[in-house]
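Here is a sequence together with a model predicted from it:
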Amino acid sequence: MDVNEALEAWQAQYSGQPPVGFMLRFTHEAVWTRIHYLHQGFEPRTVDDARRMAAHFDAICTALFSGATVLVTAIQFEPSVEESAALRAAGARPITPPSGWLESLEDYISDPGRAECAASTIAWRRGCLNDLWFAVARDRIERLAVFSPATGDAFCPYPGGADIFVWGSERRLQLGSRFEARQRMAPPIPLYPRRSGRAVADRG
């Protein structure tokens with residue numbers, strides 16, 4: 001599956017919403033789980049914290065995506081100051097975002113015209129995105145998402161944890177139990193205003 005086909009699958013699964021966890025958790029709350037690792041603050045306090053978080057990200061994605069072809073997308077709000085080497089190493093190349101993606105982010109970023117999107121498709125294997133996970137954990141890359149066209153599942157990490165969208169209530173419960181998801185205990189991160197949207201029903 002190439003990037004264009006995977007993007008079409010994303011658009012169909014998530015109703016044209018951009019792959020940004022803090023937005024999807026409102027429109028797709030029925031399939032959302034949050035796993036939150038930091039008790040205070042948004043960034044890991046040490047490099048070791050970031051490495052541990054990167055290992056958590058990798059374990060969750062391996063549980064979700066093992067053996068699958070996945071779409072990796074990134075929306076960089078400030079490309080000139082964000083990490084890009086790890087994206088290139090993962091095969092991500094600049095793309096023209098689907099219509100509506102950047103427009104829907106206008107309330108959240110100061111200059112949507114500077115935002116850039118990149119994407120790739122990869123066969124998931126353990127450890128394949130470790131450099132990206134580390135960059136996210138250190139808050140050196142903006143919105144990143146991994147999506148399986150086969151299942152519809154999506155993983156959207158942020159410096160303190162991850163918003164995860166799992167289609168199938170039993171699978172979602174198993175994942176939450178395994179990785180100690182705290183869907184309601186964690187504060188919203190980042191603290192952006194809630195946008196109105198139609199909640200989607202879980203199919204599983």
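Structure received. Numbers count the residues shown, from 1 in each chain.

So L105 is in contact with D111, correct?
No: here L105 lies out of contact with D111, judged by CB atoms under 8 Å, at a distance of 10.6 Å. Glycine gets a C-beta too; all of them are placed from N, C-alpha and C.

neighbour count winner among the two?
L105 (19 against 9; other CB atoms under 10 Å).

Backbone dihedrals for that one, please?
phi -100, psi 0 (degrees, to the nearest 10).

same deal with P159?
phi -60, psi -20.

do the same with A154
Here A154 shows phi and psi, under degrees, to the nearest 10, equal to phi -140, psi 150.

how much space between it and R140?
According to CB to CB, to the nearest Å, A154 stands 21 Å off from R140.

and what of H56?
Taking CB to CB as the measure, H56 falls 17 Å from R140.

And E78, by the same measure?
With distances taken as CB to CB, E78 is found 11 Å from R140.

Of those two, which one has the most company?
R140 (17 against 13).

Can you pull up the most central residue in this structure?
Note on the chain: the residue nearest the mean C-alpha position is C156, at 1.6 Å, using CA atoms, centre = their mean.

Any idea how many residues pack against the closest residue to that residue other than its chain neighbours?
Of all residues not flanking C156 in the chain, G21 sits nearest, at 3.0 Å (CB to CB, 6 or more residues apart in numbering). Counted with other CB under 10 Å, residues neighbouring G21 total 24.
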